[in-house]
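K.L.:
quick one, structure for this:
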Amino acid sequence: MINPKARPCEEGILRSVRSTADCAPNRKKWVLAVTVLASTMAFIDESVVNVALPAIEADLHASVAVIQWLINAYTLSMAALLLIGGAAGDRFGRRRVFLAGAGLFALASAGCGFSTNVTQLILARAVQGIGAALLIPCSLAILGAAFEEKERGKAIGTWAGASSIAAAIGPLLGGFLVDHGSWRSIFLINPILALPILWMAWRHVPESRDPDSPAGLDWRGALLAFAGLGSLVYGLIASPTKGWGHPVVIATLGLGALLLAAFVWEEGRSAAPMMPLGLFRSSLFSGVNLLTFLLYGALGGAFFFLPFSLIQIHGYSATRAGAVFLPFTLLMAGLSRWSGGLLDRYGARLPLIIGPTIAAVGLALLALPSSGASYWMAFLLPIVVLGFGMTITVAPLTTAVINAVPDRQTGVASGINNAVAAVASLLAIASLGVVALGVFDRSLDRRLEDRDLPPQVHQIVTEAHGKFVTDSAKDKPQTAEQERGHALVKESLAESFRFSMLLAAAMALAGAGCSALMIPKGKGKKTSS
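P.N.:
Numbering: from 1, shown residues only. Predicted coordinates for the structure are as follows:
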């Protein structure tokens, strides 16, 4: 998935960094190279996987529920451990934790590439998420520790530019590798990238710590968040096949709710909480995070389903499907400087109402295309509208999060906001997946009610239940009955996709409503410490 928060929390993290190393000029170049490469590895991996999902589902004969876990296993681990990763770097050494994260990410990526079944692949993706939770926050913290304040802006600009390029080329590269090689190659690139990263970090990156970091880490909070979210997501994903009344579904959903309630209780009593509850007393902070949850949930869900629509319904190659995302990222990268000044000019409230509303229009436009529609109207226009809406939103949102808290809490505040975005994507993919699969299967059932369906057509439609990928994607001759059967499946898939996009649009619009109700008027200046 393309991540519009690719430059999410640099200001918050870097303001909270205290350098403990006098970094020489030649070492600064190495630090910049290491952090750029590491971020590129993480962002490319995150953005290419969605494009490969149809190929993975077909190759491993997986259900939609299993495919959802390929994304959610990674996101779950990263979301639950992201704040712990940053805190661990501050306490134990940022370079040390960075090396551990990069090494773990590379090994898990190799495990993904060599997986022989979906169980191995899902487990490897979960370990990848743990590596990312260590790698990403420490990457920015290392950058902040190495550069003085007067040099930091240029360094961040270089890092952010490289991250934008990585996010842009990721889906295109992933599609090319899937079309001309195998989906496994998108994972096996990472160990190759990791070798120079590990060598340069070991040889040339100075160690740094925060001497004032808390004595302990909030492991209980992290484990409760991981277990609670995991249990909740499992119950949601299992519900279409087992039914909402199944004991396993009821038990896992109930357990997830209890564990998340225990997480909130633990954060209220912990000496060093990963999510200080006092921050949410700010109406601005609460409103911006609720907007983040709704908007990034909508975006995560939409970008999960879009490759299936492009490849399965419209017959795009994986490379062409990856190229569809390109205008979104280029638009955000090209207009990021302009969008950064919106908060100073208009305050947080107006951009955070208008931006999500435009994004909702873009998502709704994605619900309109039918099979055979032109690229320009069916996908370019919606993607440009969606990208413009997100461009208006992202920079004011990130700045509003930082402005909502005192200076000493900007790091944890921006970390929470990024975790909220990850959790939103996690839950949206699970929830929208339940709805989309239900619409898809019911649509198939309606088509099976036609008593005049030939046996082969009936079999194709019946076998499509629970899957978003059919044999029609493969290059082989089709009989008239096979073509009819696959056409009916495509019609049902299109119906499911349209419904999902409209739900995503409603979520984005609800986010705009939250901004109007919860974010105060004004220029959004920094709160006092």
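K.L.:
C-alpha from now on. contacts and neighbour counts both.
P.N.:
Fine.
K.L.:
name the element the closest residue to residue 175 other than its chain neighbours belongs to?
P.N.:
Take residue 175 and drop its neighbours on the chain: the residue closest to it by CA to CA, 6 or more residues apart in numbering is residue 319, 3.7 Å away. In the assignment (DSSP states H and E), residue 319 maps to helix 318-324.
K.L.:
so for that helix, mean pLDDT?
P.N.:
Mean per-residue pLDDT for helix 318-324: 90.
K.L.:
what does stretch 506-516 give?
P.N.:
96.
K.L.:
how close does residue 73 sit to residue 425?
P.N.:
12 Å (CA to CA, to the nearest Å).
K.L.:
and for residue 356?
P.N.:
Taking CA to CA, one finds residue 356 at 16 Å from residue 425.
K.L.:
and residue 73 and residue 425? which has more neighbours close in?
P.N.:
More crowded of residue 73 and residue 425, by other CA atoms under 10 Å: residue 425, with 29 against 23.
K.L.:
what about the more buried one, which helix or strand?
P.N.:
Under the assignment here (DSSP H and E), residue 425 is part of helix 410-448.
K.L.:
beyond that helix, next helix or strand please.
P.N.:
helix 455-463.
K.L.:
any idea which helix or strand carries residue 179?
P.N.:
Short version, using DSSP H and E: residue 179 is in helix 149-180.
K.L.:
what mean pLDDT does that helix have?
P.N.:
Mean predicted confidence for helix 149-180 is 76.
K.L.:
hey, which helix or strand in the protein has the poorest pLDDT?
P.N.:
Sorting the helices and strands of the chain by mean pLDDT, DSSP states H and E puts helix 10-15 at the bottom, at a mean of 44.
K.L.:
would you mark the buried spots in the helix or strand following that one?
P.N.:
Toward the C-terminus, helix 10-15 is succeeded by helix 25-60 as the next helix or strand (DSSP H and E). Across helix 25-60, burial judged by 16 or more other CA atoms under 10 Å covers 27-28, 30-58.
K.L.:
what packs against helix 25-60?
P.N.:
Applying 3 or more CA pairs under 8 Å, 6 or more residues apart in numbering; DSSP states H and E, we find helix 25-60 packed against helix 64-92, helix 118-146, helix 149-180, helix 185-204, helix 283-308, helix 318-324.
K.L.:
if we use 6 Å, what do you get?
P.N.:
Contacts defined by 3 or more CA pairs under 6 Å, 6 or more residues apart in numbering; DSSP states H and E place helix 25-60 against helix 149-180.
K.L.:
measure the residue nearest to residue 175 to residue 117 for me?
P.N.:
Distance from residue 319 to residue 117, by CA to CA: 25 Å.
K.L.:
quick one, which of these two is more surrounded?
P.N.:
Set residue 319 next to residue 117 and count neighbours by other CA under 10 Å: residue 319 wins out with 21 against 13.
K.L.:
hmm, back to that, now for the next helix or strand after the helix holding residue 319, which elements pack on it?
P.N.:
Downstream of helix 318-324, the first helix or strand assigned by DSSP H and E is helix 326-334. In this structure, helix 326-334 packs against helix 381-403, with contacts taken as 3+ CA pairs under 6 Å, 6+ apart.
K.L.:
chain center to the helix it packs on, what's the gap?
P.N.:
15 Å (CA atoms, centre = their mean, to the nearest Å).
K.L.:
outside of that helix itself, list whatever touches it.
P.N.:
Contacts to helix 381-403, defined as CA atoms under 6 Å, 6 or more residues apart in numbering, come from residues 285, 328, 332, 339-340, 343, 348, 352, 355-356, 358-359, 362, 365-366, 410, 526-527.
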